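In: After the sequence you'll find the predicted model.
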Amino acid sequence: MNDYLARLNPEQREAVETVDGPLLVLAGAGTGKTRVLTTRFAHILLTGRAYPSQVLAVTFTNKAAREMRERVAAIIGGPAEGLWLGTFHALCARMLRRHADLVGLTSSFNILDSDDQLRLLKQVMEAARIDTKRWAPPALMGFIQRWKDRGLPPERVTAAEDTDFAGGRAKELYAAYQARLKALNTADFGDLLLHVTEILRNHPDVLAQYHHRFRYILVDEYQDTNLVQYMWLRLLAQSHKNICCVGDDDQSIYSWRGAEVENILRFEHDFPGARVVRLERNYRSTAPILAAAAGLIAHNEGRLGKTLRPGGNDASGEKVSIVGLWDSAEEARMVAERAAKLREGGHLLADMAILVRTMAQTRAFEERFIAVGLPYRIVGGLRFYERQEIRDAIAYARLIQQPADDLAFERIVNLPRRGVGETAVRAMHDISRARAIPLSAAAGAMVAEGGLRGKARDAVQALLRGFDRWREMLERDGHVTTLATMLDESGYTEMWRQDKSPEAPGRLENLKELVRALADFETLGGFLDHVSLVMENEENSAADRIGLMTLHAAKGLEFDTVFLPGWEEGLFPSQRSMDESGNKGLEEERRLAYVGLTRARRRAIVSHAANRQLYGKWQDSIPSRFLDEIPDAHVERIGSAAMRRERMISAPSVFSGQFPLAARRPRVTEVWEQPARPARADAVPVGARVFHQKFGYGTVTAVDDDKLDIDFETSGAKRVLDRFVERT
DNA sequence: AGGTTAGTAATTTTT
DNA sequence: TTACTAACCT
């Protein structure tokens, strides 16, 4: 009966059983944070303290939300209905739909993604005659987002919070941007939090409803909350104070996005008498890895104080390797060879990952992996809904839902190409502004009044008639049929069928996937929320591949073997972080390093190169200060000392960037054996139809061991390694 | 209207 | 180095 409690250690158990009153759980990396959170959730339900619908559980990512949902279901034996479990944004969207009228929206408002936000802001700036070359829209977007992160609508931006951007007009532009959002009945991501917080603040009756509803509040990754999220939580928790926040100040790596670690300190202040539980027993990593990580993070000041200890009694484990190399190509070679060797020793590639500071670093690894045929997977990049074809399709769907969505209209009015050019669109804008009607209505007026001629006129008329038809169809035949029909009739799918680029087939696949996903939803509106807030990249097969991702993307993940390349001054810690945020920036970089190291269960291999190409220019670099901060006792250094000496006597820096590196290559730092070619079980026969991620579909014309000659449909004949193709 | 070319800027990105 | 934008040509 109580066996779910028996599986916890004493601290975890305390965190689970301290149910009433404010609780702060400081959970180090790998100390069972998720287990505590989910068990606590289940405990609240199983002890009859609340119904599932009376618990509010907040995460940052959809993945975390999904995981919590599954684990809670597992403990309580079956899915719980009516849970308020989700990301800050998804929960706020849900709340805002109910009270949209209180902030001047209707409940069918659309949610804009970052691309739309920027386009809209740019329009606002242009309307205000701001030179967008001198004053970059993304910079202003940054200010606006920061204000929203801090819970500040335009009228509450004080002089102290203001900026001299655009000659002090930033606030005014922010207000204009908000007005446009409202006029279009749309909200951006930041608005979801901002609006709901404003509502809770200004409408005690609404707040009371939620106080009544949510008896318990659980918060994950608390160190990543920004001020408006904190205010939202505080408002919701202020009556019963049954709030439990779980976080780790040492893993705060999103301050540049508005996260404020200070929220942890604020918590103890705002909820006097809050209990604090520390989880310090780590069950993930070996003793040397923990010691290395602890030694590193100890260099940060102003920590809440937490020391990771090995949870098990096994004190053994490989030391952390620190490898010095000549350049990024050699670094990639080292990683590929070590990975291949581990693989031969029976380890799965899927249990290994390369964690880089910047995406630009991935290229060297990709090149090497392709050359030696090591399967890899890039994690991150575009999310499903950020893909061009998905955003286009969504724009069509949004227009059905909401004819006044000008951004969507602008996006697709000439997509596929209909001969509606910039001049025509500008004329529509003029009429739209003059008569205060949406763009689509302005377009209709122009057709009726002869404001457009020839091809453009016919095309716009056909498109508008199409939308009338599709809206009727939505009533009659449902949203799935409608979306599919619309994409066909508008010529959108045809556009990609005609497209000869290798990405086109994949895009058509994605569109199909979108229509498939639509079937899971009752309404088009519910689906649109899902797409913009929740939908993720489909997991690309269960194939055994080594992961390649940024340190940020790796947070919350763990691997047996972790490669940490590029530990060089300027790259990691990043020069820009240090320039912009000084010591705070440096400390956040150090936390990032700490996050990286603590991802490793069994092995961590840190490396640094003496030469690195940045923006096409060769730079020589010195090893990261973080390397010196890892205690020597837990480290095995390979090549780094030699590399440092070599650097001193290497060519003078005036030659940097001008001579090929081979000319100043040092004496061998280490010899890497060529890995044996892994045996293949499944040969691809001549004539097989295959799919390649970069080149698309093709037919095998010849086989030379693991190399295939393939005639690709869109990109011609190529020779590729068999592990990069999938049979279809 | 649409394609081509020259110029410029360049972390990290849970939603 | 690449990738994106704005001016420029057909």
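Out: Thanks, I have it. Numbers count the residues shown, from 1 in each chain, chains lettered A, B, ... in the order given.

In: hey, let's count contacts and neighbours off CA atoms from now on
Out: Noted.

In: For the helix or strand A:Leu233 falls within, which helices and strands make contact with it?
Out: Taking DSSP states H and E as the definition, A:Leu233 sits inside helix A:227-237. With contacts taken as 3 or more C-alpha pairs under 8 Å, 6 or more residues apart in numbering; DSSP states H and E, helix A:227-237 sits against helix A:137-149, helix A:189-202, helix A:204-213.

In: And DNA strand B, is it touching that?
Out: No. Helix A:227-237 lies apart from DNA strand B when judged by C-alpha under 7 Å from any atom of the strand; the minimum separation is 11.4 Å.

In: Of all the helices and strands packed on helix A:227-237, which one is nearest A:Gln117?
Out: helix A:137-149 (8.1 Å; C-alpha to C-alpha).

In: Next, the angle helix A:227-237 makes with that closest one.
Out: Put simply, helix A:137-149 runs at 20 degrees to helix A:227-237, going by axes from the mean of the first three to the mean of the last three C-alpha atoms, to 10 degrees.

In: Work out the gap between helix A:137-149 and the centre of the chain.
Out: Centre-to-centre, helix A:137-149 and its host chain are 18 Å apart (C-alpha atoms, centre = their mean, to the nearest Å).

In: need the residues of the stretch 1-150 of chain A near DNA strand B, please.
Out: Listed as neighbours of DNA strand B in the stretch 1-150 of chain A under the rule C-alpha under 7 Å from any atom of the strand: A:Phe60, A:Thr61, A:Asn62, A:Lys63, A:Thr87, A:His89, A:Ala90, A:Ser114.

In: any low-confidence regions in the stretch 501-650 of chain A?
Out: Within the stretch 501-650 of chain A, the stretches with pLDDT under 70 are A:536-541, A:640-650.

In: so where do the strands sit in it?
Out: Shown for the stretch 501-650 of chain A, the strands assigned by DSSP state E, counting those that start in this stretch span residues A:546-550, A:559-564, A:600-614, A:617-620, A:635-638.

In: who in the stretch 601-728 of chain A is up against DNA strand C?
Out: Counting by C-alpha under 7 Å from any atom of the strand, the stretch 601-728 of chain A sits next to DNA strand C at A:Leu614, A:Tyr615, A:Gly616, A:Lys617.

In: Out of those residues, which is nearest to DNA strand B?
Out: DNA strand B lies nearest to A:Tyr615 out of these, by C-alpha to the nearest atom of the strand, at 4.2 Å.

In: if I look at the closest one, how far off is A:Gln361?
Out: 11 Å (C-alpha to C-alpha, to the nearest Å).

In: Which of those two has more residues huddled nearby?
Out: A:Gln361 (22 against 8; other C-alpha atoms under 10 Å).

In: Wait, a helix at that one?
Out: Yes. According to DSSP: H, G, I helix; E, B strand; the rest coil, A:Gln361 belongs to a helix.

In: residues contacting it?
Out: With contacts defined as C-alpha atoms under 8 Å, 6 or more residues apart in numbering, A:Gln361 is in contact with A:Gly566.

In: What distance do you get for it to DNA strand B?
Out: Going from A:Gln361 to DNA strand B by C-alpha to the nearest atom of the strand, to the nearest Å gives 8 Å.

In: A:Met359: how many residues sit nearby?
Out: 15.

In: quick one: contacts for it?
Out: A:Met549, A:Thr550.

In: pLDDT wise, what is it at?
Out: For A:Met359, the model assigns a pLDDT of 91.

In: again with A:Asp314
Out: We note a pLDDT of 69 for A:Asp314 in this prediction.

In: picking up where we left off before, include distance to DNA strand B and mean neighbour count when you put the strands of the stretch 501-650 of chain A into JSON lines, please.
Out: Listed next are those as JSON lines, based on distance: least, C-alpha to the nearest atom of the strand, whole Å; neighbours: other C-alpha atoms under 10 Å:
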{"stretch": "strand A:546-550", "distance to DNA strand B": "5", "mean neighbour count": "23"}
{"stretch": "strand A:559-564", "distance to DNA strand B": "14", "mean neighbour count": "24"}
{"stretch": "strand A:600-614", "distance to DNA strand B": "8", "mean neighbour count": "23"}
{"stretch": "strand A:617-620", "distance to DNA strand B": "9", "mean neighbour count": "16"}
{"stretch": "strand A:635-638", "distance to DNA strand B": "26", "mean neighbour count": "17"}
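
In: which bits of the stretch 1-150 of chain A sit near DNA strand C?
Out: Within reach of DNA strand C by C-alpha under 7 Å from any atom of the strand, the stretch 1-150 of chain A has these residues: A:Lys133.

In: mind listing the helices for the stretch 301-450 of chain A?
Out: For the stretch 301-450 of chain A, the helices defined by DSSP state H, counting those that start in this stretch occupy A:328-344, A:362-372, A:388-401, A:406-412, A:422-435, A:439-449.

In: Ok, which of these comes nearest DNA strand C?
Out: DNA strand C lies closest, by C-alpha to the nearest atom of the strand, to one member of the helices of the stretch 301-450 of chain A: helix A:362-372, at 9.3 Å.

In: on that earlier part again, for the helices and strands packed on helix A:227-237, please prepare TSV with the additional fields mean neighbour count, mean pLDDT and distance to A:Pro631.
Out: Shown next, in TSV, are the helices and strands packed on helix A:227-237 (neighbours: other C-alpha atoms under 10 Å; pLDDT from 0 to 100; distance: least, C-alpha to C-alpha, whole Å):
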stretch	mean neighbour count	mean pLDDT	distance to A:Pro631
helix A:137-149	20	91	38
helix A:189-202	21	96	42
helix A:204-213	14	96	50
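
In: Do you have the strands of the stretch 151-300 of chain A handy? List them.
Out: Ranges of strands within the stretch 151-300 of chain A are A:186-187, A:216-219, A:243-247, A:275-279, A:281-282, based on DSSP E, counting those that start in this stretch.

In: List just the one of the helices of the stretch 301-450 of chain A that sits closest to A:Gly570.
Out: A:Gly570 lies closest, by C-alpha to C-alpha, to one member of the helices of the stretch 301-450 of chain A: helix A:328-344, at 14.8 Å.

In: That's all I had, so thanks and see you.
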